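Chemist: structure, please.
(one chain, ligands or ions: 1)
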Amino acid sequence: FATTHIADRQQNEDKPPCFKSVSPGRIKLVINTTLPTDQELNQLFPHIQMGGHWQPDHCQPRQRLGIFIPMRKRWHQLPILLRHLHKLLVPQWRHYTIFVIEQADEEPFNRGKLLNAGILEALKIHLDLNCFILHDVDTLPETSLAIYKCHEDCRFALQMSTYQKKRNYKKAYKGYTGGVLAIRRSQFEDINGFSNEFWGWGGEDDDLANRLNNKSYQVKRELSPGGYFYSLDHPLVPANPQREDIVEKHKGNLHGEGLDSVDYVVLNNERRRLYTFFSVSLSPGR
Ligand code: NGS
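Modeler: Numbers count the residues shown, from 1 in each chain. Predicted coordinates:
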């Protein structure tokens with residue numbers, strides 16, 4: 001990967017900031033859950049750069065988004081989300097790149113560690129990302145009012161998927177950081193990212209909330225119709241029986257391990273048509 005973005009930024013310095021207002025009405029997005037073919041995706045998004053990057057030509061967004069999708073064995077859901085996101089984000093005039101990080105080992109899924117690894121790898125090629133959207137692959141925005149950006153106030157992270165179909169659109173609990181979360185790079189680095197110690201479903205997001213609170217950040221929930229998200233179905237994922245104990249144990253030492261101590265091996269990285277792909281093994285030492 002060449003780090004071309006310093007040159008990009010110099011070119012962009014003359015452009016005015018982007019101001020885009022979205023229609024105040026709730027515009028329902030059509031969620032088509034049939035799989036698009038590669039050919040269809042190419043036709044739909046000829047203007048998206050290889051690696052899943054787009055930015056407006058005529059203005060300079062202040063936020064440069066990395067959208068991070070951690071996953072394993074959900075290749076059937078990914079094209080549905082990709083079609084949906086690119087369709088939504090271009091009219092919002094976002095500067096963004098989509099990253100997909102696959103856990104390529106046989107250990108239980110470790111979402112926090114996978115995101116730590118993916119974010120570190122992404123920052124090697126897109127040095128100037130300043131807002132991270134942590135995005136589950138099965139969670140799709142339902143309206144055009146889902147604005148993809150970090151909270152303007154740097155004390156807050158933003159829970160974007162407040163009302164999820166899988167919870168019958170009941171408001172997420174205070175401090176919920178799963179689903180789709182917008183967190184500034186500065187916040188993520190300040191809290192030392194996620195814990196690497198949650199193997200199996202659950203807990204890593206509550207631990208992240210504790211890390212945020214411990215550094216005096218708060219999680220705001222998106223309460224507008226933009227906070228409605230559709231959930232794709234999937235088989236039950238095995239939960240980590242120790243998750244609550246680990247959350248409790250960490251309260252004594254919240255930032256001791258995390259982004260600065262994540263160990264992993266990158267098995268594959270490539271710019272694909274609509275996203276940048278990293279395949280990583282999270283268990284080099286296990
Ligand atoms: C909590 C989990 C979180 C999880 C959240 C929502 O209980 O990791 O439920 O779950 N915390 C622990 O297990 C300690 S959901 O509605 O998405 O199934 O994200």
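
Chemist: can you name the residues that contact R185?
Modeler: Each residue near R185 by C-beta atoms under 8 Å, 6 or more residues apart in numbering is listed here: 129-132. No exception for glycine: its C-beta is placed from N, CA and C like everyone else's.

Chemist: can you check N130 too?
Modeler: Neighbour list for N130: 63-64, 150, 184-186 [criterion: C-beta under 8 Å, 6+ apart].

Chemist: ok, R64 next?
Modeler: Residues in contact with R64 (C-beta under 8 Å, 6+ apart) are 95-96, 126, 128-131.

Chemist: which ones among those map onto strands?
Modeler: Those of the contacts of R64 mapping onto strands are 95-96, 131, per DSSP state E.

Chemist: just name the closest of these to E40, please.
Modeler: Within these, proximity to E40 (C-beta to C-beta) peaks at Y96, which comes in at 21.2 Å.

Chemist: bridged to the nearest residue to the closest one once chain neighbours are set aside, which residues?
Modeler: Closest residue to Y96 apart from its sequence neighbours, by C-beta to C-beta, 6 or more residues apart in numbering: L65 at 4.0 Å. Beta-bridge partners for L65, by DSSP bridges, are Y96, C131.

Chemist: what about L65, how many residues nearby?
Modeler: As a burial measure, L65 scores 23 neighbours (other C-beta atoms under 10 Å).

Chemist: so what's the closest residue to A146 other than its chain neighbours up against?
Modeler: Excluding the flanking residues, the one nearest A146 by C-beta to C-beta, 6+ apart is G226, at 4.4 Å. By C-beta under 8 Å, 6+ apart, G226 lies in contact with 141, 143, 145-147, 160.

Chemist: pretty sure G226 is in a helix, no?
Modeler: Yes - judged by DSSP: H, G, I helix; E, B strand; the rest coil, G226 forms part of a helix.

Chemist: can you give me the distance of it to the ligand?
Modeler: As for G226, its distance to the ligand is 19 Å (criterion: C-beta to the nearest ligand atom, to the nearest Å).

Chemist: where does that residue land on pLDDT?
Modeler: With respect to pLDDT, G226 scores 94.

Chemist: ditto for C59
Modeler: In this model, C59 carries a pLDDT of 92.

Chemist: hang on, isn't K15 packed against Q55?
Modeler: No - contact criterion C-beta atoms under 8 Å: K15 and Q55 do not qualify, at 10.1 Å.

Chemist: what does the one helix or strand H84 maps to contact?
Modeler: Using DSSP states H and E, H84 falls within helix 78-89. Outside of helix 78-89, the residues within contact range by C-beta under 8 Å, 6+ apart are 29, 31-33, 35-36, 41, 44-45, 48, 52, 54, 67, 69, 71, 96, 98, 100, 135, 137-141, 144, 146, 148, 232, 274-275.

Chemist: after the helix or strand of the chain with the lowest mean pLDDT, which helix or strand is next?
Modeler: Within the chain, no helix or strand scores below helix 5-12, which has a mean of 51 by mean pLDDT, DSSP states H and E. Using DSSP H and E, the helix or strand that follows helix 5-12 in sequence is helix 38-44.

Chemist: quick one: buried residues of that following helix?
Modeler: Buried residues in helix 38-44, counted by 16 or more other C-beta atoms under 10 Å: L41.

Chemist: helices and strands around that helix, which ones?
Modeler: Packing contacts for helix 38-44, counted by 3 or more C-beta pairs under 8 Å, 6 or more residues apart in numbering; DSSP states H and E, involve helix 78-89.

Chemist: average pLDDT across the helix it packs on?
Modeler: For helix 78-89, mean pLDDT is 92.
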